[in-house]
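> pasting the sequence and the predicted coordinates here, then a few questions.
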Amino acid sequence: MEDRNAAAPETAAPDMTGLSRAQLRRMKRFENPWLNPKLLWGLGLLLGIVALGILGRIFWDTEMVFTGSGLPRQAPVGIENLRGQVGSWAHPLGTDVTGKDILALLIVGAPNSLYVGVLASLIGMSIGIFLGFSAGFIGGRTDDVIRVGSDVMITIPPLLILVVFQAAYGDISLTIMAILIACFVWQSPTRLIRAQVLSMRESGYVQMARLSGASTWHIMFREMLPNLVPYLFGSFIANVTTSIVTAVGLEVLGLGPQRIPTLGRVIYDAINSGALIQNLWWWWGIPTLLLAVMFIGLLLVNLGLDEVSNPRLRRL
Amino acid sequence: MTILDFKNVSIDFPTSTGIVHAVTDVSLSIGEGRRIGFIGESGSGKTTTALSAMRMLASPGFVSGGEIHLHSLPESNLLKLSDEDMRNVRLSRISYIPQGAMNSLNPVMRIENQIWDGIVAHEGAMAEEELRQRSNRALESVGLDPDIVGQLYPHELSGGMKQRVCIAIGVCLDPDLIIADEPTSALDVITQRHVMQTLRDVQGKIGAGLILIGHDMGLMAQSVDEIGVLKKGELVEFGPVRQIIEDPQHPYTRELISSVPLVGGESFLDPKPATPAKGYATEDGTPLLELRSVSKTYGAVTALHPMSFSLDGEEPKIISIVGQSGSGKSTMGSLMLGFNEPSTGAVLFKGHDINRQSAPEALAFRKDVQAVFQDPYACFNPFYRVNHALKFPFERFGLSEGPAHVQQAMEDACRAVGLAPETVLGRYPHQLSGGQRQRLIVARALMLSPKLLIADEPVSMVDASLRATILKNIHDLKDQHGISIVYITHDLATAYHVSDYVMVLYKGHVVEAGPPKDVIGDPQHAYTKLLISSIPWPDLDRDWGSSEDAEAGLAELARIDGRHEMILRSTIPGFSLGVD
């Protein structure tokens, strides 16, 4: 409150009297924007998936991702399958047609999907930061090339290219897949950062830094970049979502890594083996649910970060 | 007869950090045909108070107490009206003239259609003939030719014309009360005079009350009958304009009045010290700064016509460059800082072309030429504490002898500009007021002890009460630290006081130049004369002229537009101006 007075000395000071306890508690939350419920829930969901990967490896046997680990077509615990067999604790989430344990598949597959998304987004963001800064700061011909390049790339449907590419190369690793996807998620950060840099370049503090004899490098990374952090975070999260969607899309088409379990791969197998017709809903349903949790988590984190960086979105 | 009464009005804004009492217990009455001024600094609640009469408070504000009565209504309490009744009151009973006319007009509608909109919304559909008659009458009343202007789109009008269109819309339904929210703050002084006089004329003609919101005591003195002074949401003083200006009771009112510098008035600066600090001198007499037939064009637009001057820094002085927006004064500033390259000619600092320097030379140039910019809010990187802005250049230019020395230098500089170091250093920029920030920028310049300082509108965005202090700080740089200063401003009154030499710029030409006592005290050029007669001063006996005068002035300006003539008054040693 003291800070607020210093910032606007001619404005009357806020009055805290006559407020209910609940209101005061909610206000306290505004004092520290990072304690945003959306952000916390989102992070919680994402950490849950990471925890599933870590704890699962400790407490569950991940060897059960291989064919014949158990009886085929087992339903989750306590549920009967079409043959009248009741699911047991040996395979709490059931098994697929070849007897792979669904829980083990999820323990290995869910973090893999997240990994592809985060890695692709990280690479894409790095490219975007580099190109966006170059375009906005250097301007001229460089700007023209980068701008036209990213505009053209935005119009190309990534799945089309990736399908062709992956079909030609066959089996690939998760990392290669992430790199391929990264080739299609650098455009929007590039445009975003370019726009921000263009407006920031004329701002007072950049002028001041120039007056202080600052190098271009200093201006770009010490003066401008810290102020871009909220945008970068938002863009990063949005890109993770896009990357996961793209990765899962490819996997469901059977084009992802062949030997490594991922959520998309599980769904692909399920569809291919007629899980829908055989009513093996746990096979495709649970991975889909997990994907949904992942997306909701990412969305909440994104909304939360929005509120952190833009106080006008915060409501009482 | 009173038309509007505020009775003990309080307005609250619930925010995330508590309830802000924006307005507390304000009571005043507005008489028929009277002009009331609301004056106060930003955040004082003047706009909020006026807008509450239209029930158009920005969310989440609400009137938490009191009553507002509009006496021409059968049910006079405005706060009790239904939304539909309130909609009918707006424009037809109480109209509002906004601050930025450029954003208030619909860009894709012709002017006359925009006036019709308001009429139809209140009186229902009517024949186009009748509508046109009404809109023509409204446009004529603000001195615009309805046959031409009515058919135009907003982007085809100048800023002053747009503001007059807004006035026409405001008066087309003969309201009881007009609320004008800083209607001229985006206009230059010449247009400001014309728009204000138009507003006064129309208001007098329809006999409506007027609430004029503003922060300029001079403009108030020339325009209103009664003044209400607001501070932190409280009405600290209210009375007839003559009483307020000649015998202010509240210290805040006195501060507001004394903060308006007058041309020819008492100086707010300290007297010159007996032995002024020595400036910079070269052995062979190379001037500190030299412009050799420098011009700047942006595409087809010439921002600055070729001009030359040379300034030697031996005896430090302040050169003022005065002009309205678009006169090329800021272009000159950025040329002198080397942010822009001139289209022709060269800018020389200590005899070297500043755009043809090696990296070490450029660094030395940067150390010697510093600047204070207009916007103190933008000058600090919000990510860092304010120390960063002071410390970084100090270290970069190799002036630092270790962290303790930097700290010492920062504290000394803060004290020199009248800031207590412990209250500003180590804070984030948003925790400081605009005035504190601007003084820190001056302190920053002081730490680097440059040879030349370019001050580009250093006080135009600072609250009026602090302007004199900051100008004093800048003036001290010259007197006590031997720094030559180029002061770029639109404000002739401050230029009159601080400068040793004044150049008046008009559309990229220097029209008149000389010592301030000559140029501003006794102007010769038509443009300078017009500029000075248009400044509103808090002097009730000074006639601001009628709108015909203002119109004649604008016509005179149009006449001299094409040709350029320069009137050179007497010269001062160490500075020479030439135009080629």
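Thanks, I have the structure now.
> can you pull out the low-pLDDT segments for the stretch 151-300 of chain B?
For the stretch 151-300 of chain B, the stretches flagged by pLDDT under 70 are B:265-266, B:271-277, B:279, B:281-283.
> if we use 90, what do you get?
B:155-161, B:163-164, B:182-198, B:200-201, B:214-223, B:231-233, B:242, B:245-247, B:252-288, B:298-300 (pLDDT under 90).
> so which bits of it are right by chain A?
Within the stretch 151-300 of chain B, the positions lying close to chain A (Cβ under 8 Å from any Cβ of the partner chain) are B:Lys231, B:Lys232, B:Gly233. For the C-beta atoms, the positions are set from N, CA and C on the backbone; glycine is no exception.
> now with 6 Å, please.
Contact residues (Cβ under 6 Å from any Cβ of the partner chain) of the stretch 151-300 of chain B with chain A: B:Lys232, B:Gly233.
> just the helices in the stretch 151-300 of chain B please.
Ranges of helices in the stretch 151-300 of chain B, per DSSP state H, counting those that start in this stretch, are B:159-171, B:189-206, B:217-223, B:241-246, B:251-258.
> residues in contact with the last one?
Contacts of helix B:251-258 from elsewhere in the structure, counted by Cβ atoms under 6 Å, 6 or more residues apart in numbering or on different chains, are B:Met217, B:Val229, B:Lys231, B:Val236, B:Glu237, B:Pro248, B:Ser465, B:Pro538.
> repeat for the second one
With Cβ under 6 Å, 6+ apart as the test, helix B:189-206 has contacts from B:141-143, B:160, B:163-164, B:167, B:171, B:174, B:178, B:184, B:210, B:223, B:530, B:534-535, B:547, B:550.
> using ChimeraX, make a named selection holding only the buried ones among the residues you listed.
Listed next is the ChimeraX selection for buried residues among the contacts of helix B:189-206, using 16 or more other Cβ atoms under 10 Å in any protein chain shown:
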select /B:141,142,143,160,163,164,167,171,178,184,210,223,530,534,535,547,550
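> what about the closest residue to A:Leu290 other than its chain neighbours, which helix or strand?
Nearest non-adjacent residue to A:Leu290, counting by Cβ to Cβ, 6 or more residues apart in numbering or on different chains: A:Ala110, 5.4 Å away. A:Ala110 is part of helix A:102-133, with elements assigned from DSSP states H and E.
> the helix or strand that that helix is followed by vs helix A:102-133, what angle?
For helix A:102-133, the following helix or strand on the C-terminal side (DSSP H and E) is helix A:140-155. Relative orientation of helix A:140-155 versus helix A:102-133 (axes from the mean of the first three to the mean of the last three Cα atoms, to 10 degrees): 150 degrees.
> counting contacts, what elements does helix A:140-155 pack onto?
helix A:187-201 (3 or more Cβ pairs under 6 Å, 6 or more residues apart in numbering or on different chains; DSSP states H and E).
> with just CA atoms, put the helix it packs on into CSV.
What follows is helix A:187-201, C-alpha atoms only, in CSV (Å, rounded to 0.1, in the frame of the first residue of the first chain):
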residue,chain,number,x,y,z
GLN,A,187,6.6,-18.4,-36.5
SER,A,188,4.2,-17.0,-33.9
PRO,A,189,6.9,-16.3,-31.3
THR,A,190,8.9,-14.6,-34.0
ARG,A,191,6.0,-12.4,-35.0
LEU,A,192,5.1,-11.7,-31.4
ILE,A,193,8.7,-10.8,-30.4
ARG,A,194,9.3,-8.7,-33.5
ALA,A,195,6.2,-6.6,-32.8
GLN,A,196,7.2,-6.1,-29.2
VAL,A,197,10.8,-5.3,-30.1
LEU,A,198,9.6,-2.7,-32.7
SER,A,199,7.6,-0.9,-30.1
MET,A,200,10.2,-1.3,-27.4
ARG,A,201,13.0,0.0,-29.6
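> so which bits of that helix are buried?
By 16+ other Cβ under 10 Å, the buried positions in helix A:187-201 come out as A:Gln187, A:Ser188, A:Pro189, A:Thr190, A:Arg191, A:Leu192, A:Ile193, A:Arg194, A:Gln196, A:Val197, A:Met200, A:Arg201.
> now do that helix against helix A:140-155, angle only.
If you take the same axes, to 10 degrees, helix A:187-201 sits at 150 degrees to helix A:140-155.
> show residues contacting helix A:187-201.
The contact list for helix A:187-201 (Cβ under 6 Å, 6+ apart) reads A:125, A:128-129, A:131-133, A:135-137, A:150, A:153-154, A:224, A:228, A:235.
> let me know the average pLDDT across the helix or strand hosting B:Tyr487.
B:Tyr487 is located in strand B:484-489, with elements delineated by DSSP H and E. Average pLDDT, strand B:484-489: 92.
> could you point out which element follows it?
helix B:492-498.
> now for that next one, which elements pack on it?
strand B:318-322, helix B:464-481.
> show me what that helix is in contact with.
B:Pro261, B:Val263, B:Ser267, B:Ile318, B:Ser320, B:Val322, B:Leu471, B:His475, B:Thr489, B:Val502, B:Pro516, B:Ile520.
> can you tell me the centre-most residue of chain A?
In chain A, the centroid-proximal residue (Cα atoms, centre = their mean) is A:Val240; its distance is 2.9 Å.
> which SS state does that residue fall under?
helix (DSSP: H, G, I helix; E, B strand; the rest coil).
> pretty sure it contacts A:Ser121?
Yes: using Cβ atoms under 6 Å, A:Val240 makes contact with A:Ser121 at a distance of 4.4 Å.
> tell me the pLDDT of the residue nearest to A:Leu290.
A:Ala110 is given a pLDDT of 90.
> then B:Ile560?
For B:Ile560, pLDDT reads 74.
> setting aside sequence neighbours, what's the nearest residue to it?
B:Ala526 (5.6 Å).
> next one: the residue of the stretch 401-550 of chain B found nearest chain A from B:Ala389, what distance?
Closest approach between the stretch 401-550 of chain B and chain A, counting by Cβ to the nearest Cβ: B:Gln431, at 4.6 Å. As for B:Gln431, its distance to B:Ala389 is 14 Å (criterion: Cβ to Cβ, to the nearest Å).
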